[in-house]
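J.: What follows is a predicted protein model with its sequence.
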Amino acid sequence: MATIDTPVPSVSGSGHAPARAPRARRGRPGSRLWVRIVVGLLLVVEIYPMIWMFLTSLKSNDDYLNHSTWSLPTTWEWGNYTEAWTTGHIGLYVQNSVLAVVPALALMLLLGTAAGFALQVMVWKGRSLTLLVFLAGMMVPPQMILLPLFTVYFQTGLSGTLWPLILTYTGTGLPLTVFMMATYYRTVPRELFEAATIDGAGILRAFWTISLPLVRNALLTVGLVQFFFIWNDLLIALTFTNDQDLRTIQVGLLNFTGDFGATQYGPLFAAICINVFGTLLIYLFLNQKVMKGLTSGALKG
């Protein structure tokens, strides 16, 4: 019977143990220094604009116009945030954004997840062609459909409400959502659905009780990506909101003007800070979930 020949370590006559293999060399101090310098520069590029924006939000118009851009505020105008929230109607604009984004996001995720389940888990004729149709929807620029949609919304009496925003956000975000959820469903083992079918579970039960818990991290990741897309939208919101009471926060930031059209820079930057830091807190709170969702679709099984 053949065996594997394993060398026996020999001991010299002097009784000393054999020399160990040399350890892998560590990185040179110079290379580590360059890495730290690059990381430090990236942090400055990312963090300094937010610091400058926050400090500018505490300046008066006189500080902004008559002093250096990089100077600190001579008087700390914390009232700019109050003025932005009340006089600038940022509270109303945030409310409109939430009322438009949350229903659109819910419809987008529900329909996109159901479509991804049907395209990857269910077996039916024409599913490959259907997936290509969804992918083709990603290639249509939103600018091409604004005028036809405006005409349709006007003729159906939906103008003057938030429904044009909800429907447009859902339609434009659905192709990417379907593609990403179909990709994530490829990583789900088919044996789970086969076992559920043997136990008597139908399609709806397999979708709600088996597939959704398995792709919850992916669902959160796709939802957060789409949330930032539609929350920061300006073109669609500017096209379909013809009433000041229906403006979203991105459109509302265009209206921080005082007498004779003069821009109120302090309240304007205060409103921008409310928008930016609010969405940043959401991302930081869900950061780990997003990382898990991004990596879950990269491996099979």
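T.: Happy to help now that I have it.
J.: what number of residues lie near residue 233?
T.: 22 (other C-beta atoms under 10 Å). Backbone N, C-alpha and C define where each C-beta goes, glycine included.
J.: which residues does it contact?
T.: With contact taken as C-beta atoms under 8 Å, 6 or more residues apart in numbering, residue 233 is in contact with 169, 248, 250.
J.: tell me the mean pLDDT over stretch 91-108?
T.: Across stretch 91-108, pLDDT averages out at 94.
J.: Look at residue 129 and report its pLDDT.
T.: Looking at residue 129, the pLDDT reads 89.
J.: Give the helix, strand or coil label for it.
T.: Three-state call for residue 129 (DSSP: H, G, I helix; E, B strand; the rest coil): helix.
J.: count of neighbours near it?
T.: Residue 129 - counted by other C-beta under 10 Å - has 8 other residues nearby.
J.: For residue 190, list the residues it contacts.
T.: residue 121.
J.: From residue 214, how far off is it?
T.: According to C-beta to C-beta, to the nearest Å, residue 190 and residue 214 sit 12 Å apart.
J.: and the closest residue to residue 52 other than its chain neighbours, what helix or strand is that in?
T.: Closest residue in space to residue 52, ignoring its immediate chain neighbours: residue 70 at 7.7 Å, by C-beta to C-beta, 6 or more residues apart in numbering. Using DSSP states H and E, residue 70 maps to neither a helix nor a strand.
J.: Now residue 70. Its backbone dihedrals?
T.: phi -90, psi 0 (degrees, to the nearest 10).
J.: Quickly note the distance from residue 60 to residue 79.
T.: In terms of C-beta to C-beta, residue 60 sits 10 Å off from residue 79.
J.: same thing with residue 250?
T.: Following C-beta to C-beta, the distance that separates residue 250 from residue 79 is 24 Å.
J.: now do residue 96
T.: Relative to residue 79, and taking C-beta to C-beta, residue 96 is found at 24 Å.
J.: Show me which of those two is the more surrounded one.
T.: Comparing residue 96 with residue 79 by other C-beta under 10 Å, the one with more neighbours is residue 96, at 23 against 13.
J.: Which strand or helix spans that one?
T.: For residue 96, the element it lies in under DSSP H and E is helix 90-120.
J.: So for that helix, what gets flagged as buried?
T.: Within helix 90-120, the residues scored as buried using 16 or more other C-beta atoms under 10 Å are 90, 92-94, 96-97, 100-101, 103-105, 107-109, 111-120.
J.: Any regions of the chain where pLDDT drops low?
T.: 1-31, 257-262, 289-301 (pLDDT under 70).
J.: Quick check, central residue of it?
T.: residue 225 (2.4 Å; C-alpha atoms, centre = their mean).
J.: ok, now which ones touch that one?
T.: Residue 225 neighbours (C-beta under 8 Å, 6+ apart): none.
J.: Just the CA trace of the helix or strand hosting it, in PDB.
T.: Under the criterion of DSSP H and E, residue 225 resides in helix 216-231. Output in PDB follows, covering the C-alpha atoms of helix 216-231 (Å, rounded to 0.1, in the frame of the first residue of the first chain):
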ATOM      1  CA  ARG A 216     -33.700  41.200   3.400                       C
ATOM      2  CA  ASN A 217     -30.200  42.600   3.400                       C
ATOM      3  CA  ALA A 218     -30.300  42.900  -0.400                       C
ATOM      4  CA  LEU A 219     -33.700  44.500  -0.100                       C
ATOM      5  CA  LEU A 220     -32.400  47.000   2.300                       C
ATOM      6  CA  THR A 221     -29.400  47.800   0.100                       C
ATOM      7  CA  VAL A 222     -31.500  48.300  -3.000                       C
ATOM      8  CA  GLY A 223     -34.000  50.400  -1.100                       C
ATOM      9  CA  LEU A 224     -31.300  52.700   0.300                       C
ATOM     10  CA  VAL A 225     -29.700  53.100  -3.100                       C
ATOM     11  CA  GLN A 226     -33.000  54.000  -4.700                       C
ATOM     12  CA  PHE A 227     -33.900  56.200  -1.800                       C
ATOM     13  CA  PHE A 228     -30.900  58.400  -2.400                       C
ATOM     14  CA  PHE A 229     -31.600  58.500  -6.100                       C
ATOM     15  CA  ILE A 230     -35.200  59.700  -5.800                       C
ATOM     16  CA  TRP A 231     -34.600  61.900  -2.600                       C
END
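J.: next structured bit after it?
T.: Following helix 216-231 toward the C-terminus (DSSP H and E): helix 235-240.
J.: and the following helix or strand past that next one, how far out from the chain's middle?
T.: Counting by DSSP H and E, the element after helix 235-240 in chain order, helix or strand, is helix 249-252. Mean-position distance between helix 249-252 and its chain equals 19 Å (C-alpha atoms, centre = their mean, to the nearest Å).
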